[in-house]
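>>> Fold the stuff below for me.
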Amino acid sequence: MTSLLLSQVAGCIRHAAQRIWQSLRPLSSGSQILGMAVDVSRSRRDLIIENAVLRHQNNILRRGKKRPRLGVTDRLKLLLGASLLPAWRQAIAIVQPDTLLRWHRAGFRLFWRLRSRPRRGSPLAKETIDLIRDMARRGRLWGAERIQGELLKLGIKVCKRTIQKYMRGVRSRRGGQTWATFRKNHAEDIWACDFVQTYDIFFRQVYAFFIVHLASRRVVHVATTRNPTQEWTAQQLRNATMDGEAPRFLLRDRDDKFGSAFDRVAKGAGTKVIKIAVRAPNMNAIAERFVGSGRREMLDHVILLGDRHLDSLVREYKVYFNEARPHQGIGQRVPSGIRHQDLSKPIVIRPVLGGLHADYRRAA
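Numbers count the residues shown, from 1 in each chain. Alright, predicted model coming up:
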């Protein structure tokens, strides 16, 4: 008990002597003697560390530059000395204390940034990761627990959090299948229809009506008119379905050119009409794509003389579109299919639309 009290008293005396020395240091050269007396009371460890810090600062100032730049090593040495010295503010003189504290905060942030960065690689095999993503892509109604169960059926044990991690980049936040997936699953039973509006040489409006099969991209029917009434549009649907070929669903927009008469004809043929949402052209993307293709590949390159001229062009373009033009949406295939060709036969080139396009085939 007595020794502990004596050590505390000695520490207080040593601290008071250091404060007195710091206050008298700049006053006179005689204070150096007092400083030596204070250093005698300091521990050997503090003196060695302070000498090392002062020596390093001296080396920095002897580099011969008016304002020497401190590198990463210099800053680390000063920070290390400041962390070991109780009176580091008096020992470090070439930088301000606030500067030293700013370095420390920057190093602290860098340390935790490196410590918190995500680990590279994954403990799962690449085949398992690909399998999780494929399950998330195909089973859009499946959650992480359902996928976990499917993996257990295959003898693969993965925790739920890991499955959720690899599901994020594959699936959107909305559950269920997208409209594009629904359309693809039912494309064989869906037709889509729309109008192409253009102008003749006298700037009069001319309309081309078309119906396209979603699965094969085959154009089922085309017709042109200057006055597309509801009765005329309904009659075109009758003409397209008179051979008994009718889809299960028919996509159309909310244009007044269709109306209730068109819907009655569709219902009589056993077809359900689906109206696309307002300002949602992607719901009828295949028809919109045909409109764009017709404009880029035909209408933008001709001057229409009248509705009959347009009718002959769209009918010729229909034949080319169905029997000769490859389509990206169906894997560069032709809607009507390519007949078996003898590769030994020469290639025959048939001009389409007056040479605007060309049909390459093997000779019969």
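
>>> now the strands for this protein?
Ranges of strands within the chain are 190-199, 205-213, 219-225, 249-252, 272-275, 347-352, 357-362, based on DSSP state E.

>>> Export those as TSV, with columns for mean neighbour count.
C-beta: built from backbone N, CA, C; applies to glycine. Shown next, in TSV, are the strands of the chain (neighbours: other CB atoms under 10 Å):
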stretch	mean neighbour count
strand 190-199	21
strand 205-213	22
strand 219-225	20
strand 249-252	22
strand 272-275	14
strand 347-352	12
strand 357-362	14
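
>>> Which one of those strands lies nearest to Ala261?
strand 272-275 (11.6 Å; CB to CB).

>>> quick one: the closest one to chain centroid distance?
Strand 272-275 sits 33 Å away from the centroid of its parent chain (CA atoms, centre = their mean, to the nearest Å).

>>> who touches it?
By CB atoms under 8 Å, 6 or more residues apart in numbering, the residues outside strand 272-275 that reach it are 248-254, 262-263, 266-267.

>>> Now for those residues: which two are most distant?
Longest span within the contacts of strand 272-275, CB to CB: Arg248 and Arg254, 20.7 Å.

>>> Look up how far Thr271 lies from Ala192.
Computed with CB to CB, to the nearest Å, the distance linking Ala192 and Thr271 is 12 Å.

>>> any residues in contact with both of these two?
Going by CB under 8 Å, 6+ apart, residues that sit against Ala192 and also against Thr271 are Leu250.

>>> surely Ala240 meets Val220?
Yes: in this structure, Ala240 is within contact of Val220 by CB atoms under 8 Å, at 5.5 Å.

>>> picking that back up, between the strands of the chain, which one is nearest to Lys157?
Per CB to CB, nearest to Lys157 of these: strand 190-199, 42.1 Å.

>>> That closest one vs strand 219-225, what angle?
Angle of strand 190-199 versus strand 219-225, following axes from the mean of the first three to the mean of the last three CA atoms, to 10 degrees, is 30 degrees.

>>> got the contact list for strand 190-199?
183, 205-215, 220, 228, 237, 247-253, 255, 257, 271, 284, 286-288, 290-291, 294-295, 299, 304, 310.

>>> list the contacts for the closest residue to Tyr207 other than its chain neighbours?
Among residues not flanking Tyr207 along the chain, Pro228 sits closest, at 4.8 Å (CB to CB, 6 or more residues apart in numbering). Applying CB under 8 Å, 6+ apart, one finds that Pro228 lies in contact with 195, 207, 209, 257.

>>> coming back round to it: could you export the strands of the chain as a markdown table, including distance to Arg161 and mean pLDDT?
Shown next, in a markdown table, are the strands of the chain (distance: least, CB to CB, whole Å; pLDDT from 0 to 100):
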| stretch | distance to Arg161 | mean pLDDT |
| --- | --- | --- |
| strand 190-199 | 40 | 96 |
| strand 205-213 | 45 | 97 |
| strand 219-225 | 51 | 96 |
| strand 249-252 | 41 | 95 |
| strand 272-275 | 40 | 95 |
| strand 347-352 | 58 | 90 |
| strand 357-362 | 55 | 87 |
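
>>> Serialize the ones you listed to TSV and add fields for distance to Val72.
Below are the strands of the chain laid out as TSV (distance: least, CB to CB, whole Å):
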stretch	distance to Val72
strand 190-199	66
strand 205-213	67
strand 219-225	70
strand 249-252	66
strand 272-275	67
strand 347-352	70
strand 357-362	67
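
>>> Identify whichever of those lies nearest to Asp130.
Per CB to CB, nearest to Asp130 of those: strand 190-199, 31.9 Å.

>>> neighbouring strands for that closest one, and are they parallel or not?
strand 205-213 (antiparallel), strand 249-252 (parallel) (DSSP bridges).

>>> what about the stretch 101-250 of the chain, any weak spots by pLDDT?
Applying pLDDT under 70 to the stretch 101-250 of the chain flags the ranges 118-122, 171-180.

>>> Could you rerun that using 50?
The stretch 101-250 of the chain contains no residues with pLDDT under 50.

>>> which stretches of it form helices?
Applying DSSP state H, counting those that start in this stretch to the stretch 101-250 of the chain gives helices spanning 126-138, 144-153, 160-167, 179-185, 230-241.

>>> deepest of these, which one?
helix 230-241 (a mean of 18; mean count of other CB atoms under 10 Å).

>>> Contacts for it, please.
193, 209, 211, 220-221, 223, 225, 256-262, 264-266, 269, 271.

>>> hmm, try it at 10 Å
With CB atoms under 10 Å, 6 or more residues apart in numbering as the test, helix 230-241 has contacts from 191, 193, 195, 207, 209-211, 220-223, 225, 228-229, 246-247, 250, 252, 255-266, 268-271, 273.

>>> Please export the C-alpha coordinates of stretch 302-311 as CSV.
Extracted in CSV, the C-alpha atoms of stretch 302-311 (Å, rounded to 0.1, in the frame of the first residue of the first chain):
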residue,chain,number,x,y,z
VAL,A,302,-40.8,4.7,-102.0
ILE,A,303,-43.2,7.4,-103.0
LEU,A,304,-46.8,6.1,-102.9
LEU,A,305,-49.0,6.9,-105.8
GLY,A,306,-52.2,5.8,-104.1
ASP,A,307,-53.9,3.1,-102.0
ARG,A,308,-53.6,0.5,-104.8
HIS,A,309,-49.9,1.2,-105.1
LEU,A,310,-49.6,0.6,-101.3
ASP,A,311,-51.7,-2.6,-101.5
